[in-house]
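K.L.:
The sequence isn't on hand, but the structure is:
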């Protein structure tokens with residue numbers, strides 16, 4: 001059986017994650033891409049310590065299907081690596097999300113990339129500090145969740161590599177506007193295979209809470225092609241997600257999708273879920289003055305505003321709330337969220353503050 005080609009994607013439908021992962025890896029003949037001595041790294045999305053049913057994190061059953069496929073075909077040098085977002089504990093995420101159980105069951109090491117040394121990698125005069133542990137991999141299987149993001153609209157394969165940098169580098173990415181550094185990171189750190197968890201994702205918030213059953217897994221070799229397809233599923237054009245086009249310009253991959261690109265393994269039996277991203281975040285963001293905010297801080301604010309909307313108190317906000325690294329050191333007659341806005345007349349400290357504290361702060365303001 002021939003191995004998958006770069007210009008192809010495979011999709012399998014259903015909700016039995018373990019079997020779907022095994023079957024789609026078999027259909028793509030992934031074993032034909034590997035050699036026995038390779039160091040194989042599985043990179044899930046464990047942005048927060050929430051189970052996959054929340055829509056935020058990669059299903060441990062999907063990862064288990066990949067592990068079984070690899071072990072059944074004689075590949076045993078497997079490691080799971082991840083670094084949760086700023087303010088969250090990766091080790092806690094490993095436990096809550098079911099990965100510690102996987103590690104114990106199959107003897108697979110878990111590496112918290114927040115504790116990894118970094119190496120400065122450079123391309124075209126720009127650099128990114130990438131965790132050394134993941135740079136040592138021979139074959140990276142990128143396992144993102146198909147979901148929305150409150151700042152970039154979509155998070156999937158390309159953005160999932162952000163877990164491979166330190167918290168300080170994550171902050172710098174936000175200070176640079178996310179899109180260009182995400183593209184550069186993908187130029188410097190090659191993904192060899194992408195397996196997207198599209199079984200249960202959140203089409204409103206990156207950190208979950210409003211999950212949508214999507215009942216599909218997507219496999220591809222080209223992360224740009226995967227993200228272009230993922231964007232189309234949610235009704236976005238490539239131009240709506242700048243880091244996709246920027247990655248293509250850097251030669252990471254191609255956005256060219258045609259009638260023969262997608263191979264559907266079991267289309268006839270597929271439960272066809274309609275994927276429609278929520279526009280709620282855009283409504284809530286109208287109350288925010290944001291300048292280079294980190295995802296964790298911005299996400300906490302959006303969740304707080306959502307809770308206030310449910311409580312009927314959001315409409316009482318008579319001015320926009322400031323957030324982001326762009327306000328560091330500025331004296332502003334405004335209300336700010338996070339330590340970066342400490343120069344505001346009224347400011348809630350924290351890096352990041354939690355949504356509950358933000359609600360209390362804004363409702364008592």
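P.N.:
Yep, it's here. Only a predicted model underlies this, so the values are computations on that prediction, with no experimental measurement involved. Residues are numbered from 1 along each chain as shown.
K.L.:
Where do the strands of the stretch 201-350 of the chain begin and end?
P.N.:
Ranges of strands in the stretch 201-350 of the chain, per DSSP state E, counting those that start in this stretch, are 211-220, 262-264, 288-290, 321-323, 332-337, 344-348.
K.L.:
Just tell me which of those strands ends up closest to residue 237.
P.N.:
Between residue 237 and the strands of the stretch 201-350 of the chain, the shortest separation by CB to CB is 17.3 Å, and it involves strand 262-264. No exception for glycine: its C-beta is placed from N, CA and C like everyone else's.
K.L.:
Contacts for the closest one, please.
P.N.:
8-13, 229, 270 (CB atoms under 8 Å, 6 or more residues apart in numbering).
K.L.:
which other helices and strands contact the helix ranked longest in the chain?
P.N.:
If you go by DSSP state H, the chain has its longest helix at helix 295-311. Secondary structure elements in contact with helix 295-311, counted by 3 or more CB pairs under 8 Å, 6 or more residues apart in numbering; DSSP states H and E, are helix 280-285, strand 288-290, strand 321-323, strand 332-337, helix 355-363.
K.L.:
would a markdown table of those with mean pLDDT be doable?
P.N.:
Formatted as a markdown table, those follow (pLDDT from 0 to 100):
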| stretch | mean pLDDT |
| --- | --- |
| helix 280-285 | 81 |
| strand 288-290 | 91 |
| strand 321-323 | 94 |
| strand 332-337 | 94 |
| helix 355-363 | 89 |
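K.L.:
Return the residues in contact with residue 329.
P.N.:
Shown here is residue 329, whose contacts under the criterion CB under 8 Å, 6+ apart are residue 343.
K.L.:
Could you do residue 128 as well?
P.N.:
Contacts here follow CB under 8 Å, 6+ apart; on that basis residue 128 touches 120-121, 165, 169, 181, 184-185, 188.
K.L.:
What of residue 136?
P.N.:
Counting by CB under 8 Å, 6+ apart, residue 136 makes contact with residue 39.
K.L.:
Relative to residue 74, how far out is it?
P.N.:
Applying CB to CB, to the nearest Å, one obtains 21 Å for the distance of residue 136 from residue 74.
K.L.:
quick one: residue 200 is in a strand?
P.N.:
Yes: the assignment for residue 200 is a strand, going by DSSP: H, G, I helix; E, B strand; the rest coil.
K.L.:
so who does it touch?
P.N.:
52-53, 55, 59, 211-214.
K.L.:
Compare these and tell me which has the most neighbours.
P.N.:
Using other CB atoms under 10 Å as the neighbour definition, the contacts of residue 200 reach their maximum at residue 55, which records 28 neighbours.
K.L.:
ok, that residue touching residue 206?
P.N.:
No: no contact is recorded between residue 55 and residue 206 when judged using CB atoms under 8 Å, the distance being 9.3 Å.
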